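**Student:** quick check, what structure comes out for this input:
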Amino acid sequence: MNPLKILYIGLGFFFFGLGAVGAFLPVLPTVPFLLLASFFFAKGSERFNKWFTSTKLYKDNLEGFIKNRSMTLKTKLYCQGIAALMMTLSLIFVPLLVVKIFLIVMMLFMFYYFARHIKTVTPEEMAVINAENKARQDAHAKEKQVTLRETIGEVKEMHEEILNPETCPDKAE
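**Tutor:** Okay, here's the model as predicted:
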C-alpha cells in the first residue's frame, strides 16, 4: 500500500479519535476534527471512508453539513467559538510573529467562510433536512435489499435447475 495513503488513514483515525473525545468534552470541538477525519479518510481509502460515513458520530455531527452546507446558528457559533478560543490561546502563547499573523488570517478566514459559505438554518429546518436525508438513505437501502432478494431468487432458480435431473442431462443417469 502507498505510504501516503497509510498516513492519510492514520490521520483520519487520529482526528476521528479527537472528534469522538470532543463529542463528550466541551473543551474540544467535534465538527472541525470530524471534517479533518472525513478529508483524510476520503484521501486514504474508500473502505475507511465508507466506514466513517456510516458511524453515528458522522451522521449526528456532519452529515447534514456535508450534504447541504448548512448548520444551525447554535452549531455555527459553537464551532467558531471553540476554534476562535483555541486560536486565541495560541496567539497568546506563541512568541513568533509569523505564526501570530497566520493565526489572525486563519481566524478572519474562518469567520468569513462561516458567514458567506455555510447556510444558517433553524433547528426545525435542520430536522426537515435530516429527515429528508434519512428518507433518501432508507429508500436506497430498500433498493439494495430488493436487488439482493432478486439476485438470491435468481441464484436459487439456477441451483434448482442444476439439481433437477430433467433439465440437466448429466444428472439423469
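**Student:** okay, CA-based contacts and neighbour counts for the rest of this
**Tutor:** Will do.
**Student:** before we move on, what SS does residue 120 have?
**Tutor:** Following DSSP: H, G, I helix; E, B strand; the rest coil, residue 120 is assigned to strand.
**Student:** what segments of this protein are strands?
**Tutor:** Remark: strands assigned in the chain by DSSP state E are 70-72, 119-121.
**Student:** which one of those strands has the lowest average pLDDT?
**Tutor:** Lowest mean pLDDT within the strands of the chain: strand 70-72, at a mean of 85.
**Student:** separation between residue 121 and residue 69?
**Tutor:** Applying Cα to Cα, to the nearest Å, the value for residue 121 to residue 69 is 10 Å.
**Student:** quick one: neighbours of the nearest residue in space to residue 70 that is not next to it in sequence, just the number.
**Tutor:** The shortest distance from residue 70 to any non-neighbouring residue, by Cα to Cα, 6 or more residues apart in numbering, is to residue 119 (4.4 Å). For residue 119, the neighbour count with other Cα atoms under 10 Å is 15.
**Student:** residues contacting residue 119?
**Tutor:** Residue 119 sits next to 69, 70, 71 when contact means Cα atoms under 8 Å, 6 or more residues apart in numbering.
**Student:** spit out the contact partners of the first one.
**Tutor:** What that stands for is residue 69. 117, 118, 119.
**Student:** do residue 14 as well
**Tutor:** residue 37.
**Student:** and if we set it to 10 Å?
**Tutor:** With contact set as Cα atoms under 10 Å, 6 or more residues apart in numbering, residue 14 has these partners: 8, 20, 33, 34, 36, 37, 40.
**Student:** roughly how far apart are it and residue 150?
**Tutor:** Per Cα to Cα, residue 14 is found 41 Å from residue 150.
**Student:** how about residue 135?
**Tutor:** From residue 135 across to residue 150, the span is 22 Å (Cα to Cα).
**Student:** ditto for residue 13
**Tutor:** Counting by Cα to Cα - residue 13 and residue 150 are separated by 37 Å.
**Student:** equivalent analysis for residue 162, please.
**Tutor:** Going from residue 162 to residue 150 by Cα to Cα gives 18 Å.
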